[in-house]
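[1] here's my sequence, what's the structure:
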Amino acid sequence: MWEDILQPADLLLPEDISSIGQTMMMHDANGLPDVKACRLALIGLPDANGEHQAANAIRQQLYTLQKGAWDFDFADLGNVPAGRDHVDTLVAIEDVAKELIQRQCIPIFIGGQSQDALGLYKAYASLEQLVNMAVISSGIAMGDDHQAADASNWLTHVLMSKPYHLFHLACLAYQTYFVPEETLTIMEKMHFEALRIGQIKGTMAAAEPLLRDMDIIVADNASMGSVDAPGQISPNPNGLSSVDFCQAMRYAGMSDKSSSLMLTGYHPTLDPHGHNAMALAQGIWYIAEGIQWRKGDYPHRPVKDYLKFTVWLEGDEGHEMVFYKSPLSERWWMVVPASPSESARKSMIPCSHEDYLQALKGDIPDRWWKASRRAI
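    This is a model prediction of the structure:
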C-alpha cells in the first residue's frame, strides 16, 4: 500500500499554537492523517545520501510560520525513504503522487534531486493523463538521455519516455549562458515555451498565464540567485529573488489546474543559517495562500459566465480571435483552434490582457501560434 511507503518526519514543533507546525495534520506514531480531508500535503524526498536533511530543514522553517486564513486542511505526510537505488525512489514518488492526485489532494514534494520529478511525471502517465509541466530553473535539463537520469538530462528522459503523455512544457527563468543553442532549438521545434530570466525577474506577472496552464510545477532552488539561495552546488550571482520565487509559487497555487508541485535542489550544508530554507518555506506558504484564492475559473466554470471579446484580424484570409475574461479573477483566456483547418475544434488557453491588446493591433500573440501547432 502507498501509505506504508511514508515515514514520519518526527521533528520538534514550535510552541506557538497559531503556527503551521501546530495546526498541520501530522503523520506521527498514530499513523497518517485522513488524506480525504486534506487539500494540500507535504512530502519529503531523500537527499543523494539517502537522508532527509533538506526536506527536514525546509519543514522546520515552515512550521514556525503563521497559518494563513485558509479554509482547508494542510497535512505533513512525512518522508519517502531512500530506495535501494534511484529507480525505487521514483516508483515510490509515483505511487504516492498518483494516490494523492486521485484523491484531489495536492502534493508538494520537497528536498531530493531535480530528477525526482520523473516520478511525478510518471504518476500522470500511469493515470493515462496528458500533462502540462512547468520547470522553474536557471537551466534546461535536456542533456544526453543515454546517461542515467540526473540534474542535467531528466527532461530528455521525460521527452523520450513512452507512451508519450507530455502535452506542453514551459521552462521559466532560464539563463541563456547555461543553455545550449540546440536545446532552445528543440524547444522551438516542439512548440514549447521558454521565458528567460530577464523576461520575468521583477515582473513575475508575465509568467502567470503559463503557470495557470500547468498540471505540474517543478521549481529548482537554483532558479534563485545565491544571495537569496546560498544552498546550491554551483553559486550563481544571478537568478530570481526570493520575492520573485514567492510570487511564482502564489501564481502556481492560484491556478485552478495545478495539481502537484516539487521544490528540489536545496543543499542545507551550504545554508548554515537557514536563510535559503526559510525562502523555500515561504514559497510553500504562498502556494497555500494561492490555493485559498482559487476562483474556480476555467475549466471548472462554464464559458457562458465569462465576458467575451472578439477581435477581427485583417489579412489574406482574415479571421477572428476570441478572448474571454473572468469577471471573478479578471484573468484572460483566448480560444485556439485545434488545427487551422478545423475551426470547429477549439480550446481555451490562459493569456494576458497584453495578448488581447496585441491582437487589437493586428498581431497574433506568440502563445496562440505555439498552442495551435501543438494541437495539430
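
[2] setting aside sequence neighbours, what's the nearest residue to residue 186?
    residue 142 (6.4 Å; CB to CB, 6 or more residues apart in numbering). The way it works is simple: take the backbone N, C-alpha and C, and place the C-beta from them, glycine included.

[3] an error on my part: the question was meant for residue 45.
    residue 112 (2.9 Å).

[4] in the chain, what helix or strand scores lowest on average pLDDT?
    Using mean pLDDT, DSSP states H and E, strand 342-351 stands out as the lowest-scoring helix or strand of the chain, at a mean of 70.

[5] quick check: buried residues in the next helix or strand after that strand?
    Sequence order places helix 353-360 as the next helix or strand after strand 342-351, per DSSP states H and E. Of the residues in helix 353-360, 355, 356, 358, 359 count as buried by neighbour count, 16 or more other CB atoms under 10 Å.

[6] the closest residue to the second one other than its chain neighbours sits in which helix or strand?
    This means residue 356. Spatial nearest neighbour of residue 356, excluding adjacent residues (CB to CB, 6+ apart): residue 323 at 5.0 Å. Per DSSP H and E: residue 323 is located in strand 319-325.

[7] so what strands line up beside that strand?
    strand 307-313 (antiparallel), strand 332-339 (antiparallel) (DSSP bridges).

[8] ok, the residue nearest to residue 186 - contacts?
    Neighbour list for residue 142: 153, 155, 156, 159, 183, 186 [criterion: CB atoms under 8 Å, 6 or more residues apart in numbering].

[9] and it, what's its pLDDT?
    Residue 142 carries a pLDDT value of 97.

[10] dead centre of the chain: give me the residue that sits there.
    residue 217 (1.1 Å; CA atoms, centre = their mean).

[11] ok, it touching residue 211?
    Yes - counting by CB atoms under 8 Å, residue 211 is a contact partner of residue 217 at 6.6 Å.

[12] avg pLDDT for the strand or helix carrying residue 21?
    In the assignment (DSSP H and E), residue 21 maps to helix 20-23. Averaged over helix 20-23, pLDDT sits at 96.

[13] identify the residues contacting it?
    The contact list for helix 20-23, computed with CB under 8 Å, 6+ apart, reads 13-17, 62-67, 74, 285.

[14] may I see the buried residues of it?
    20, 21, 23.

[15] show me where pLDDT drops low in the stretch 51-200 of the chain?
    Regions of the stretch 51-200 of the chain meeting the criterion pLDDT under 70 are absent.

[16] all the helices of it, residue numbers only.
    Assigned by DSSP state H, counting those that start in this stretch, the helices in the stretch 51-200 of the chain fall at 53-64, 86-102, 117-126, 154-160, 181-189, 197-200.

[17] which of the strands paired with strand 319-325 comes out lowest on mean pLDDT?
    strand 332-339 (a mean of 85).

[18] could you give the angle of that one to helix 353-360?
    Strand 332-339 and helix 353-360 are oriented at 60 degrees to each other (axes from the mean of the first three to the mean of the last three CA atoms, to 10 degrees).

[19] figure out how far strand 332-339 is from the centre of its chain.
    Between the centre of strand 332-339 and the centre of its chain there are 22 Å (CA atoms, centre = their mean, to the nearest Å).

[20] for that strand, list the C-alpha coordinates in PDB.
    Extracted in PDB, the C-alpha atoms of strand 332-339 (Å, rounded to 0.1, in the frame of the first residue of the first chain):
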ATOM      1  CA  TRP A 332      -7.900  36.300 -19.600                       C
ATOM      2  CA  TRP A 333      -8.100  33.300 -21.900                       C
ATOM      3  CA  MET A 334      -8.000  33.000 -25.700                       C
ATOM      4  CA  VAL A 335      -9.600  30.400 -28.000                       C
ATOM      5  CA  VAL A 336      -7.200  28.400 -30.100                       C
ATOM      6  CA  PRO A 337      -8.400  26.100 -32.900                       C
ATOM      7  CA  ALA A 338      -7.000  22.600 -32.600                       C
ATOM      8  CA  SER A 339      -6.000  22.900 -36.300                       C
END
